[in-house]
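*Asks:* Starting from these lines, generate the structure:
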Amino acid sequence: MSEVNYKTKTDVVVIGAGHAGVEAAIASAKIGADTVLFTISLDAIANMPCNPSIGGSAKGHLVYEVDALGGVMGRIADQVTLQSRTLNTGKGAAVHAKRVQADRALYRLLMKEELEHTRGLRVVQGEVVEILTEVLDGKQKICGVRTKLGEEYACSCVIVATGTYLKSEIFVGNVHYSSGPDGFHSADSLSASLMEHGVKLVRFKTGTPPRVKKETIDFDQLAIQDGEENPLPFSAETPENYLEGKEQVPCHIVYTNADTHSIILSNIKRSALFSGNIHGTGPRYCPSIEDKLVRFADKERHQLFVEPLGRNTEEMYIQGFSTSLPTDVQVDMLHSLKGFEHAQIMRYAYAIEYDCVDPLQLNASLEFKNISGLFGAGQFNGTSGYEEAAAQGLIAGINAASYIKGRKPLVLSRDSSYIGTLIDDLVVKGTNEPYRMMTSRSEFRLLLRQDNADERLTRYGYEYGLISEERYQAFLAKQERICAEMERLETTFLSPAVVNAFLVRYGEAEVQSGISLADLLRRPAFTYAMCNEIDTERPVLSRREQMSVEVNVKYAGYIKRQQSSAERLHHLDQKALPDGLDYFTIKGLRIEAAQKLNQFKPQTIGQASRISGVNPADITVLLIYLGLK
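*Replies:* Okay, here's the model as predicted:
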């Protein structure tokens, strides 16, 4: 008796339930698109196969932005925080970044519960092996997917969020085999289907360090790294005092030494990375320990962080010790570390190679240019990191649901967000290595701070249906209080008789005439909290509101200049370029520029201006040709 395929109709299919997939599926369903989320294993939902942390430099900004748009990563991260720290506090407010150690198992559990209780979303354990398309008006259009069990699901949109599972292979020394991260099955069939539909794939690589049993580490020999006191949460829905009364779990620091380096270098040819077994491109900013020793041969030691994976597990993560060396070498190099002389490995380190897409095939909405209804998100798009994945997943989910509803897609600009910067970099410039977000990638860092993510993005989350009316009204009230306080500081003046004693006490020069509270706050020596001493009329504000007020007042001049630059960029990004334009036909355009423009096919003048090899004179030629200047 032949098996009969069971054909189910839905709106959106999401392939993969990692950090991109869960955000995409929840967003799609909340906006009102009937959504099915497929995962290789229900136990792999929102897994953290690499470091057990969320946030960090630029990545923390992304988490705040995901939350401001109505995503879930920040809220769940707050609930599973083991330790919270703000990085870069010795620098300006633009690069301050929240990073938390997360309870890895609890994060998976809570995210799975979030999926299970999202209305309009069905979660299915299964492997999608084929995307199905039809040709409409000469262009491919998504019409469904087929699973490994032979089921067919009719749909109008597919979001590919396969993470590091796509035709993935594990490498440990000279041993290599087909597998996804953490021992889960790899997705071996979907790559062929994508390529049959004209999708260009590339091969990237990443890796993890060993996990070590806690009780076998001598922590007395390690430097301790405690969390900060009373940190602010990621999510606007989390109370400010969310860690009050909770004991934060410490991290520790250890350093490699000459013995460690000798062990690694004497076995370097046994590393899968240097033996020629690995062909994929690895992350530039998170290299393996053996790669570090080769790149930075002059460094006598490298800092490693010893991080807990949860409150109820003995597993400890050795951040910075990623390797693809054989197991015997892993043991020797671990035992060479101070305090790890008798340490036991619970999970060996490995490198993993996987397929991902060349992101130049995507529009800024994350929809494929040549296949209507097909979207890409996360590491499938060539990025690295949970936060980058979640950000893309959220945008892909919003835009897939918008496709179903016949609405305009959400395309965030570079000046609006790090999410916009991330996606613009991918679809305009592409990437030849796993892309990692950094604050230096944005030309508008002072505008894109953690404290004002809601100011920049919450209106979009509300417009697309991911922010509730109650939360939106609370946001508006918060912004009113911030604006009112900034106005009060600018218009409230203190006489020399009132302020000079205060200034002298802090070693500041006296004033001869009145000074506004805003000008007082702009002095580097003072904070908003310190000025409370002589500011008797100030209103009661939350710590989040106080932070925004202080930064906006202190950096007002710099912010104004960046806003002017952002307006010029925004002006160019509003000027659309026609599809199918052959740039070699435009007189006055340099050959290199025409080649690059034909290759990258930018959608706007702004995108064209950010392509390497296209200079300001070329942009002027384009504007004149199109009659836009």
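*Asks:* What distance do you get for Gly70 to Thr527?
*Replies:* Separation of Gly70 from Thr527 (C-beta to C-beta, to the nearest Å): 32 Å. Just so you know, the C-beta spots here come from the backbone N, C-alpha and C atoms, and that holds for glycine as well.
*Asks:* hang on, I meant Leu494
*Replies:* Distance, Leu494 to Thr527, using C-beta to C-beta: 16 Å.
*Asks:* Who has more neighbours out of these two?
*Replies:* Using other C-beta atoms under 10 Å as the criterion, Leu494 and Thr527 rank with Leu494 on top: 19 against 13.
*Asks:* Could you give the number of residues near the closest residue to the more buried one other than its chain neighbours?
*Replies:* Nearest in space to Leu494, with sequence neighbours left out and distances taken as C-beta to C-beta, 6 or more residues apart in numbering, is Ile515 at 5.8 Å. Neighbour count for Ile515, taken as other C-beta under 10 Å: 19.
*Asks:* With Ala93 instead?
*Replies:* Applying other C-beta under 10 Å, we find 20 residues neighbouring Ala93.
*Asks:* again, but for Tyr435
*Replies:* Neighbourhood size, Tyr435 [other C-beta under 10 Å]: 25.
*Asks:* same deal with Glu114?
*Replies:* Counted by other C-beta under 10 Å, the residues lying close to Glu114 total 18.
*Asks:* likewise Asp34?
*Replies:* Neighbours of Asp34 using other C-beta under 10 Å come to 16.
*Asks:* Start at 451, not 1
*Replies:* Taking 451 as the first residue, the last one we looked at is Asp484.
*Asks:* what ranges do the helices span in the stretch 451-600 of the chain?
*Replies:* For the stretch 451-600 of the chain, the helices defined by DSSP state H, counting those that start in this stretch cover 469-481, 509-519, 523-529, 554-566.
*Asks:* Include distance to Gly856 when you put those helices into JSON lines, please.
*Replies:* Listed next are the helices of the stretch 451-600 of the chain as JSON lines, based on distance: least, C-beta to C-beta, whole Å:
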{"stretch": "helix 469-481", "distance to Gly856": "12"}
{"stretch": "helix 509-519", "distance to Gly856": "21"}
{"stretch": "helix 523-529", "distance to Gly856": "28"}
{"stretch": "helix 554-566", "distance to Gly856": "26"}
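*Asks:* Looking at these, which is nearest to Gln842?
*Replies:* Proximity to Gln842 (C-beta to C-beta) singles out helix 469-481 among the helices of the stretch 451-600 of the chain, at 5.6 Å.
*Asks:* and the closest one, what does it pack onto?
*Replies:* Secondary-structure packing of helix 469-481 (3 or more C-beta pairs under 8 Å, 6 or more residues apart in numbering; DSSP states H and E): strand 462-465, strand 485-489, helix 554-566, strand 571-575, strand 607-610, helix 836-855.
*Asks:* Please spell out which residues along it are buried.
*Replies:* For helix 469-481, the neighbour count (16 or more other C-beta atoms under 10 Å) marks 469-481 as buried.
*Asks:* Can you redo the helices of the stretch 451-600 of the chain as TSV, where the extra columns are distance to Tyr798 and mean pLDDT?
*Replies:* Compiled in TSV, these are given as follows (distance: least, C-beta to C-beta, whole Å; pLDDT from 0 to 100):
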stretch	distance to Tyr798	mean pLDDT
helix 469-481	24	98
helix 509-519	26	98
helix 523-529	27	98
helix 554-566	17	98
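*Asks:* List just the one of the ones you listed that sits closest to Ala927.
*Replies:* helix 509-519 (15.8 Å).
*Asks:* if you skip the residues just before and after it, what's nearest to Ala1067?
*Replies:* Spatial nearest neighbour of Ala1067, chain neighbours left out: Arg1040 (7.8 Å); criterion: C-beta to C-beta, 6+ apart.
*Asks:* Contact partners for that neighbour?
*Replies:* Neighbouring residues of Arg1040 by C-beta atoms under 8 Å, 6 or more residues apart in numbering: Asn1065, Ala1067, Asp1068.
*Asks:* Export those residues as JSON lines, with columns for secondary structure, neighbour count and distance to Ser641.
*Replies:* JSON lines is the format used below for these (DSSP: H, G, I helix; E, B strand; the rest coil; neighbours: other C-beta atoms under 10 Å; distance: C-beta to C-beta, whole Å):
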{"residue": "Asn1065", "secondary structure": "coil", "neighbour count": "13", "distance to Ser641": "38"}
{"residue": "Ala1067", "secondary structure": "helix", "neighbour count": "12", "distance to Ser641": "42"}
{"residue": "Asp1068", "secondary structure": "helix", "neighbour count": "23", "distance to Ser641": "37"}
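*Asks:* any idea which of those residues is closest to Ser503?
*Replies:* Distances from Ser503 to those, taken as C-beta to C-beta, are shortest for Asn1065 (40.5 Å).
*Asks:* That closest one touches Ala1043, doesn't it?
*Replies:* Yes - the pair Asn1065 and Ala1043 qualifies as a contact (C-beta atoms under 8 Å) at a distance of 7.2 Å.
*Asks:* The residue nearest to Leu944: what's it in contact with?
*Replies:* Contact partners of Ile965, counting by C-beta under 8 Å, 6+ apart, are Phe943, Leu944, Val949.
*Asks:* Got phi/psi on the second one?
*Replies:* When you say that, I think you mean Leu944. Per-residue torsions, Leu944: phi -110, psi 140 (degrees, to the nearest 10).
*Asks:* which residues touch it?
*Replies:* Applying C-beta under 8 Å, 6+ apart, the residues near Leu944 are Gly964, Ile965, Ser966, Leu967, Leu970, Ile984.
*Asks:* Give me the subset of the residues you listed lying in helices.
*Replies:* Among the contacts of Leu944, the members falling in helices (DSSP state H) are Leu967, Leu970.
*Asks:* Strands of the stretch 851-1000 of the chain, residue ranges please.
*Replies:* For the stretch 851-1000 of the chain, strands defined by DSSP state E, counting those that start in this stretch occupy the ranges 943-944, 965-966.
*Asks:* so can I have TSV of the ones you listed showing distance to Gln698 and mean pLDDT?
*Replies:* As requested, these are exported to TSV (distance: least, C-beta to C-beta, whole Å; pLDDT from 0 to 100):
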stretch	distance to Gln698	mean pLDDT
strand 943-944	39	94
strand 965-966	39	94
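*Asks:* which ones are touching Gln673?
*Replies:* Small correction: residue 673 is Ala, not Gln. Per C-beta under 8 Å, 6+ apart, neighbours of Ala673: His702, Ile703, Val704.
*Asks:* Fine by me, we can end here.
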